[in-house]
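Asks: I need the structure of the sequence given here:
(one chain, ligands or ions: 2)
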Amino acid sequence: MKQNPPVSPNGPPDGGRMIVLTAPLTEAIDHAGYFIQMAMASLPIWMEGVINRKYPKWREVEHNEDGSARYMPAGVRLVEKSLLREYRSDDVVACFPDDLDKFVGPRTRVVAVSTHNPLGVTFAAGVYTSIFGSSKMPINSHYSRQLFAKIKSSPYRDNFKVIVGGSGGWQIIQTNTYEELSVDCVVEGRSESADTLELFRKAIQGEELPRRLDVKHPVERDEILFPDTRTTFGVVEMTTGCGRRCKFCVPDLNPQIDLPKEKIMEAVRANVRNGNKQISLATEDMFIWGQVHTDTPFYFPNREALVDLYSDIVNTPGVEQHVLSHCTIAPAVVDPLLIKQLSDLMLPKSPIHFPYLSTHPEKKALAPLIGLETGSVRMAKQIMSSKGVPFSIEDWPSVVLEGLRVLNENNWFPAMTLIVGNPGETDHDVMETIDLVYEIERRGLFAFLIPSIFTPLHDTRMEKEEGVRQTRELTPLQWQLMMKCWKMNLRPGQYSWWGPMAWRVGSIGMWLYKLRRLNGPNFTWPLWMFSGAIPEKTLQRMGKIYPGKPMKTKNRRELIASLKPKDWQYLRADNGDMPAGYVPPQMQFATQTA
Ligand code: B12
Ligand code: SF4
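Replies: Ligands and ions are numbered 1, 2, ... in the order given. Prediction:
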């Protein structure tokens, strides 16, 4: 073990903690809900003033009495929990970046950083900053770099190791920024793993660490730990993995696990005890919970289990707000009554309001994140052939439209991601996606459409593939798709605050000043369409944009009729639209014996 260096006059009087955990400020704040962090992941640092004006207090964080962080992202909390299996609580602390000097001292052997998106090179983040002219510096990335710079300049730096983990660690590996950021090791995987603990042991002994360590994901639900302190936005894990096997997806590489209800509830109560009024269950698809490794395929949701879980959460004393994270759209077609029952339960506690869309008396809405990705069946077959199960991927546009209809009818207005510039994407594929977007508009449906440029994510089956790399490479059709989505998002009154701020910042003026050089000529007409300065119909007549064509799609009854008879047993008759020849399970025995 190394000797302690002399105590600096500015260092912590007690010599600091042995293990100090932290996260970038912009990922740790528990202020104003999910959108602020998503905005800071997407807006370039020069637009920070927009956030400051809207949320002047966003930097004000809460502390415990000892100066440690009152809340931290769930990832940090689990690293803390994992370490506390082996180390004493006064050896480990989780603090905000500005408080590092209070805890990093001569005793410190490890500074561990958890990060979601440190360099902004992931999807739906890089693209927007690059449109505005600086692909590497979204606000969140600026603050992450600031954190790493602070750690690098610590007078005790030679005496401790810097270990990074979390869903954004791969960005450091892929950009090889270890030296620049002063990172010794990036851990890929969960902190619960025995290998992670072994790594910390080595770091504490002052041993050399590998640059990258891949650790195993737990396979049993009981191996997953839960926070017993407060997490940012009250995030509590609900599931890991997904099961639909989209080729571009990282979380789906993890085992499909739904976590035990009693542990989820304990973590919810722990959050409330520590002052959190908001809860959000982290998941890739909330609808698989209660149906993992049962006799029913996971894509037929377990209505009773879900209603019971969410009911207990929103009715926990102290929970004033509840926000959904991710889900898929096919379950809305499979079980519309489930959506209705969940709406009845969850709308009263939703902090989201859509005054022009919601039929709820207080205009409340639910807005989970759902992947739409493409309207091209050809493309969908290649990259996400099971995305719409139990329905065939051939019916993907119908599943999207019918699912969105059911969701909208129940005041769910999801944020839906689209991938632009998939490897091998042709003009025809983009036209089909534009057709679907126009069809959403034509049917008066609403989703907040978030197009992003294809990003090959590490370890996925598309890791080595290349799509569009820069906004200049986008075709006129791809630009039209992006700008049409944003135009629809900004329909009056139907938006979150940051979209119009970011996009209306003088769209034409910006184009004249900067964007036309940056994004190239293909951007021009789509931007005029977006600005509304020339009517879309006129641009279509001028042949400057693609007009889109009406789609013939299946309604719910037709989609249900397209299911294989072996799947009929999992349908719920109270949803109606049952296939011809369907016999309810309780009648089957009678029919067989008659
Ligand atoms: C909740 C959530 C959010 C929330 C809140 C985030 C927060 N600050 O708490 C919001 C909505 C704000 C958000 C925003 C974004 N998110 Co997000 N988010 C999630 C979600 C659903 C859960 C994250 C979570 O808390 N999980 C539970 C914790 C326990 O898991 P964990 O953080 O991974 O931690 C484990 C391990 O990583 C490891 N670990 C973590 N830290 C450390 C540190 C060390 C030292 C070690 C050893 C280990 C370790 O141990 C933990 C378990 O024990 C995930 C999907 C998922 N299921 O993970 C997506 C996810 C992480 N988000 C993603 C993305 C892309 C984003 C955005 C860029 C989207 C956007 N364009 O706006 C932004 C970026 C935000 C930012 N600040 O920069 C992607 C990341 C893809 C990738 N691999 O790069 C994911 C995986 C979603 C997806 N389906 O692809 N997100
Ligand atoms: S549905 Fe979503 S979470 Fe599931 S595999 Fe596809 S992209 Fe991943």
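
Asks: L357 is in contact with L366, isn't it?
Replies: No - L357 lies out of contact with L366 (CB atoms under 8 Å); the separation is 11.4 Å. To be clear about C-beta, it is placed using only N, CA and C from the backbone, and glycine gets the same treatment.

Asks: Show me whatever sits in contact with both of those two.
Replies: 411, 413 (CB atoms under 8 Å, 6 or more residues apart in numbering).

Asks: neighbour count winner among the two?
Replies: The residue with more neighbours, out of L357 and L366, is L366; 24 against 16, by other CB atoms under 10 Å.

Asks: Near ligand 1, which residues of the stretch 301-450 of the chain are found?
Replies: 325-326 (CB under 6 Å from any ligand atom).

Asks: what about 5 Å?
Replies: Proximity of the stretch 301-450 of the chain to ligand 1 (CB under 5 Å from any ligand atom) is limited to residues S325.

Asks: Could you give the number of residues near the nearest residue to P423 once chain neighbours are set aside?
Replies: Counting by CB to CB, 6 or more residues apart in numbering, P423 lies nearest to E465, which is 4.1 Å off, once chain neighbours are set aside. Counted with other CB under 10 Å, the neighbours of E465 add up to 15.

Asks: next one: P44
Replies: Neighbours of P44 (other CB under 10 Å): 22.

Asks: who in the chain is up against ligand 2?
Replies: 242, 244, 246, 249, 252, 284, 328, 371.

Asks: what's the closest of these to P584?
Replies: Among the residues of the chain next to ligand 2, T328 lies closest to P584 (CB to CB), at 26.6 Å.

Asks: wait, the closest one sits on T283?
Replies: No - judged on CB under 8 Å, T328 makes no contact with T283 at a distance of 10.4 Å.

Asks: For this structure, give me the ranges with low pLDDT.
Replies: The model of the chain has pLDDT under 70 over residues 1-10, 122-136, 456-462, 464, 466-470, 491-520, 585-594.

Asks: Which residues of it lie near ligand 1?
Replies: 27, 34, 37-38, 41, 73-75, 78-79, 112, 114, 116-117, 122, 124-125, 140, 163, 165-167, 187, 190-191, 196, 232, 235, 237, 250-251, 282, 325.

Asks: Where helices are concerned, which of the residues you listed count?
Replies: Judged by DSSP state H, helices contain the following of these: 27, 34, 37-38, 41, 74-75, 78-79, 140, 196.

Asks: what number of residues lie near R273?
Replies: R273 has 12 nearby residues by other CB under 10 Å.

Asks: thinking again about what came up before, could you look up the SS state of the residue nearest to P423?
Replies: Classification of E465 using DSSP: H, G, I helix; E, B strand; the rest coil returns coil.

Asks: From ligand 1, how far off is it?
Replies: 16 Å (CB to the nearest ligand atom, to the nearest Å).

Asks: What residues of stretch 62-73 count as buried?
Replies: Under the neighbour-count criterion of 16 or more other CB atoms under 10 Å, stretch 62-73 has 68-73 buried.

Asks: And for stretch 15-34?
Replies: Neighbour-count burial for stretch 15-34 [16+ other CB under 10 Å]: 16-34.

Asks: Now intersect these with the strands, please.
Replies: 19-22 (DSSP state E).

Asks: Tell me the one among the residues you listed nearest to ligand 2.
Replies: L21 (27.3 Å; CB to the nearest ligand atom).

Asks: what's next to the longest helix along the chain, contact-wise?
Replies: Counting residues, the longest helix found in the chain (DSSP H) is helix 427-442. Residues from elsewhere that reach helix 427-442, judged by CB under 8 Å, 6+ apart: 372, 374-379, 397, 400-401, 404, 418, 420, 422, 446-447, 449, 475, 477-478, 480-481, 484-485, 488, 546, 548-551, 553.

Asks: for stretch 171-184, same thing?
Replies: Contacts for stretch 171-184 (CB under 8 Å, 6+ apart): 113, 117-119, 121-122, 145, 148, 151-152, 157, 161-164, 186, 188, 203, 209, 211-212, 458.

Asks: Emit the PyMOL select command for whichever of these are buried.
Replies: Buried residues among the contacts of stretch 171-184 (16+ other CB under 10 Å), as a PyMOL selection:
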select buried, resi 113+117+118+119+121+122+145+148+151+157+161+162+163+164+186+188+203+209
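
Asks: Just the ones of the contacts of stretch 171-184 in strands?
Replies: Per DSSP E, the subset of the contacts of stretch 171-184 in strands is 113, 161-164, 186, 188, 212.

Asks: right, and the pair among the residues you listed with maximum separation?
Replies: K161 and E188 (16.6 Å).

Asks: Distance of I434 relative to M488?
Replies: 11 Å (CB to CB, to the nearest Å).

Asks: Between the two, point out the one with more neighbours.
Replies: Using other CB under 10 Å, the more surrounded residue of I434 and M488 is I434, with 23 against 19.

Asks: In contact with the residue nearest to R201 when sequence neighbours are not counted, which residues?
Replies: What sits nearest to R201 in space, not counting adjacent residues and going by CB to CB, 6+ apart, is E86, at 8.0 Å. If a contact means CB under 8 Å, 6+ apart, then E86 has 197, 200-201 as its contacts.

Asks: if I read this right, G421 contacts P451, doesn't it?
Replies: No - counting by CB under 8 Å, G421 does not reach P451; the two are 9.5 Å apart.

Asks: Buried members of the contacts of helix 427-442 into ChimeraX, please.
Replies: Applying 16+ other CB under 10 Å to those, the buried members can be selected in ChimeraX as follows:
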select :372,374,375,376,377,379,397,400,401,404,418,420,422,446,447,449,475,477,478,480,481,484,485,488,546,548,551,553
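
Asks: Among the contacts of helix 427-442, name the ones in strands.
Replies: Using DSSP E, the contacts of helix 427-442 in strands are 372, 418, 420, 449.

Asks: show me the contacts for the last one.
Replies: In this structure, L449 makes contact with 372, 416, 418, 437, 440, 485-486, 488-489, judged by CB under 8 Å, 6+ apart.

Asks: Same check on the first one?
Replies: By CB under 8 Å, 6+ apart, the contact list for L372 reads 329, 400, 416-418, 436, 447, 449.

Asks: what's the closest of these to Y582?
Replies: For the contacts of L372, the nearest to Y582 is I329 (23.4 Å; CB to CB).

Asks: correct me, but that closest one touches P368?
Replies: No - using CB under 8 Å, I329 is not in contact with P368; the gap is 9.6 Å.

Asks: joint contacts of the two?
Replies: Joint contacts of I329 and P368 (CB under 8 Å, 6+ apart) are P414.

Asks: what about these two, which has more around it?
Replies: Between I329 and P368, I329 has the larger neighbour count (other CB under 10 Å), namely 26 against 21.

Asks: Would you mind confirming that I393 is in contact with A380?
Replies: Yes - contact between I393 and A380 holds when scored by CB under 8 Å: they sit 5.2 Å apart.

Asks: tell me which element D344 falls in.
Replies: helix 336-346 (DSSP states H and E).

Asks: Show me what counts as buried in that helix.
Replies: 336, 338-339, 341-343, 345-346.
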